[in-house]
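Trainee: here's a sequence, model it:
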Amino acid sequence: MKLAALTIALVTALTLITGCSIETNNEEKLPIYMVKKEDGFSFKLYIPEGVNGLVVQSLPAPHDGNTVAHLVRRITDEPGGKRFQLDVVIVQPDKQRYKNYPVADVIVKDDYSVDSIARAYGFKSQDKLVLVRPKERADHKESVQYDVISLNVHTGKIKTIAADAVPDVSPSFFAKGWMNQTGQLYLNSYSDGRLWSVDTGNGEVRSIEGEFNHEWPLYLLTPSPNGELFWHEEKDHHFSMYGQDGKLLKEIPHTLGYHSYPAFEWSPDSRYSALAFTLSDNPDNILGGEDAYIIAPEMVAIYNQNGDFRWEVQAKPKEGLTNVDWNGWLSEDGEGVISWYRLDHTVEGAVPRKTDLQYALADVAAGTLKDLHPAKRVEDLKSPVPVVNRTAQLLLIDREAGLYWSPAAEQVNTSINLLSKPGNPKLIWATRDYTLGETIITRYNPADHSTATTVFKELLGEELQLINDTMVADNLNYRWIH
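Mentor: Here you go, the predicted model:
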């Protein structure tokens, strides 16, 4: 009765404050309210005082811009421990509709450990979301057990794929898991490095031999985009590449100095990986970072899908270009972008500035470099191709014209991230201006060089996603874009 009264009061208050239309579903266990606005719509969660609740994941369904799954986690102090609740909110943006499906509601002792694995790991089909669900033990002991399940995002039907798939590892926790393109799910304990694979087709669980552990607070295992290969930095700091069955494919020695973090940057097609590192422990090449250094590398080494060394590119100290960056990959063809530069240390106490930048297109398969020259405007690129990198920082190149363009060179105190996928005929990116406190979404059509912008007078989240090319989603907040 108190909750019902509180719900009515909250809806009334939101209506008076925002002047917006609000739709509710009082039968749902997770109190959620849809608020319609001029520039879109949002879903407001009622999280009572004393409850730690938030959206922890947002996953658009593959090949379907009209279905987005949001995983909501709530943790509440209870006399017997922590109440751990998971709900999946399914949003259909085109219809402005939502459904809420409760997934887990269990009392746990170690909520941090549970929270490290109770996640969604992707879609095994167009409508089935794979999750790990915690549950109380059948023998009523204090530890928990974990099931791998699938959730039908249209009906809410839950199917258990593998019961008791992995054990409770508390007081430790789990590292980041992943699911490959064939539906093989990998779960990895952080401290002792145990690794399990779960076949989401038949439910078979395998324990993979080896120790794939990590060092706090870093993650030392880097899976390929297709999920079938992974690099691991071993205890003695050499690197090992493994296949999807845990078979060791290659071992390579540790770098001479510092390396980037994560150590390897995979190509989108999983055929190659780049390792950038320094040649010594010279602190002049450290740009920042605490737990993991942000470095200015002096060499980039390329390895193929068997872990074999393929190619290397070094800095050009004789030309005054003391450092070299791997700026990212093109979506296919084994090509990437390299840049050489020198570090300007003249401002004492400031982060060294990269100057005298020179860019080149690297053809890894052929082992060749083609100079790239700066374009003054994005319109100068007849066939712009985005460079895929771990930061999503916007960099466009024109292969034939030998040009590159990045808006980052023109703006300060901003972050610029590509939102559209490689292959999209239109390029869409987000610019966060930290000075003005606003976010600008730019849509550029290379065919006719037309540009449309949408300005939001606030800083949208770092996990901003493009939905169906017509809106952006910042967790449960959906905004229309031009």
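Trainee: give me the number of residues near residue 163?
Mentor: Neighbours of residue 163 under the rule other Cβ atoms under 10 Å: 14. All C-beta spots, glycine's among them, are computed from the backbone N, C-alpha and C.
Trainee: same thing with residue 242?
Mentor: 22.
Trainee: so where do the helices sit in the stretch 101-250 of the chain?
Mentor: All helices of the stretch 101-250 of the chain, identified by DSSP state H, counting those that start in this stretch, fall at 111-115.
Trainee: shaky segments in it?
Mentor: Applying pLDDT under 70 to the stretch 101-250 of the chain flags no residue at all.
Trainee: can you map out the strands along it?
Mentor: 120-125, 128-136, 144-152, 158-166, 178-179, 184-188, 195-199, 205-208, 221-223, 229-233, 239-243, 248-252 (DSSP state E, counting those that start in this stretch).
Trainee: turn the ones you listed into a markdown table, columns for distance to residue 78.
Mentor: Below are the strands of the stretch 101-250 of the chain laid out as a markdown table (distance: least, Cβ to Cβ, whole Å):
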| stretch | distance to residue 78 |
| --- | --- |
| strand 120-125 | 25 |
| strand 128-136 | 13 |
| strand 144-152 | 14 |
| strand 158-166 | 24 |
| strand 178-179 | 32 |
| strand 184-188 | 27 |
| strand 195-199 | 30 |
| strand 205-208 | 31 |
| strand 221-223 | 34 |
| strand 229-233 | 38 |
| strand 239-243 | 41 |
| strand 248-252 | 45 |
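Trainee: and those: which comes nearest residue 481?
Mentor: With Cβ to Cβ as the measure, strand 120-125 is the member of the strands of the stretch 101-250 of the chain nearest residue 481 (24.6 Å).
Trainee: give me the contact list for the closest one.
Mentor: Contact with strand 120-125 is made by 57, 59, 61-62, 69, 71, 88, 129-132, 150, 177-179, 183, 185, 200-201, as judged by Cβ atoms under 8 Å, 6 or more residues apart in numbering.
Trainee: and stretch 150-169, by the same measure?
Mentor: 61, 67, 69, 88, 90, 99, 101, 103, 113, 117, 124, 127-132, 143-149, 187, 189-192, 194, 196, 198, 200, 203-205.
Trainee: now the residues you listed: which count as buried?
Mentor: 61, 67, 69, 88, 90, 101, 103, 113, 117, 124, 127-132, 144-149, 187, 189-190, 194, 196, 198, 200, 205 (16 or more other Cβ atoms under 10 Å).
Trainee: walk me through the domains of the chain.
Mentor: Domain assignment for the chain by automatic domain parsing gives 1-46, 255-374, 407-482.
Trainee: how long is the longest one end to end?
Mentor: Across domain 255-374, the terminal residues are separated by 32 Å (Cα to Cα, to the nearest Å).
Trainee: same question, stretch 451-465
Mentor: Terminal residues of stretch 451-465 are spaced 19 Å apart (Cα to Cα).
Trainee: report the buried residues of that stretch.
Mentor: Judged by neighbour count using 16+ other Cβ under 10 Å, the buried positions of stretch 451-465 are 454, 456, 460, 464-465.
Trainee: ditto for stretch 462-481
Mentor: Buried residues in stretch 462-481, counted by 16+ other Cβ under 10 Å: 464-467, 471-479, 481.
Trainee: likewise for stretch 163-183?
Mentor: Quick answer for stretch 163-183 (16+ other Cβ under 10 Å): 165-166, 168-170, 172-180, 183.
Trainee: stretch 286-303 now?
Mentor: Of the residues in stretch 286-303, those buried (16+ other Cβ under 10 Å) are 286, 293, 295-303.
Trainee: please name the bridge partners of residue 474.
Mentor: Beta bridges link residue 474 to residue 477 when assigned by DSSP bridges.
Trainee: and stretch 216-226, C-alpha only, in CSV?
Mentor: Below are the C-alpha coordinates for stretch 216-226, written out as CSV (Å, rounded to 0.1, in the frame of the first residue of the first chain):
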residue,chain,number,x,y,z
TRP,A,216,44.7,-6.0,-9.8
PRO,A,217,43.3,-3.7,-11.2
LEU,A,218,44.2,-4.7,-14.7
TYR,A,219,42.7,-7.3,-17.1
LEU,A,220,45.4,-9.3,-18.8
LEU,A,221,43.4,-11.3,-21.3
THR,A,222,42.3,-9.8,-24.6
PRO,A,223,39.9,-11.8,-26.8
SER,A,224,39.7,-11.2,-30.5
PRO,A,225,36.5,-9.5,-31.9
ASN,A,226,35.2,-12.8,-33.2
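Trainee: chain center to it: distance?
Mentor: Distance of stretch 216-226 from its chain centroid, counting by Cα atoms, centre = their mean, to the nearest Å, is 12 Å.
Trainee: list the buried residues of that stretch.
Mentor: Neighbour-count burial for stretch 216-226, counted by 16+ other Cβ under 10 Å, picks out 219-226.
Trainee: in those, find the pair that's most separated.
Mentor: In those, two members sit farther apart than any others by Cβ to Cβ. They are 220 and 226, at 20.1 Å.
Trainee: for the buried residues of stretch 451-465, which one is nearest residue 354?
Mentor: Distance to residue 354 across those (Cβ to Cβ) is lowest for residue 464, with 26.2 Å.
Trainee: I'd say the closest one and residue 475 touch.
Mentor: No. Counting by Cβ atoms under 8 Å, residue 464 stays clear of residue 475, with 9.1 Å between them.
Trainee: near residue 62, how many other residues are there?
Mentor: By other Cβ under 10 Å, 10 other residues sit near residue 62.
Trainee: thought it was touching residue 126?
Mentor: Yes. Between residue 62 and residue 126 a contact is recorded at 6.6 Å, counting by Cβ under 8 Å.
Trainee: the stretch 301-450 of the chain: strands as residue ranges?
Mentor: Counting by DSSP E, counting those that start in this stretch, the stretch 301-450 of the chain has strands at residues 309-314, 323-329, 335-344, 353-363, 368-374, 385-386, 396-398, 403-405, 414-418, 427-433, 438-445, 450-456.
Trainee: how about these in JSON lines, adding mean pLDDT and distance to residue 257?
Mentor: Shown next, in JSON lines, are the strands of the stretch 301-450 of the chain (pLDDT from 0 to 100; distance: least, Cβ to Cβ, whole Å):
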{"stretch": "strand 309-314", "mean pLDDT": "96", "distance to residue 257": "13"}
{"stretch": "strand 323-329", "mean pLDDT": "97", "distance to residue 257": "12"}
{"stretch": "strand 335-344", "mean pLDDT": "96", "distance to residue 257": "15"}
{"stretch": "strand 353-363", "mean pLDDT": "95", "distance to residue 257": "18"}
{"stretch": "strand 368-374", "mean pLDDT": "97", "distance to residue 257": "23"}
{"stretch": "strand 385-386", "mean pLDDT": "94", "distance to residue 257": "31"}
{"stretch": "strand 396-398", "mean pLDDT": "96", "distance to residue 257": "29"}
{"stretch": "strand 403-405", "mean pLDDT": "96", "distance to residue 257": "28"}
{"stretch": "strand 414-418", "mean pLDDT": "90", "distance to residue 257": "28"}
{"stretch": "strand 427-433", "mean pLDDT": "95", "distance to residue 257": "33"}
{"stretch": "strand 438-445", "mean pLDDT": "96", "distance to residue 257": "38"}
{"stretch": "strand 450-456", "mean pLDDT": "96", "distance to residue 257": "42"}
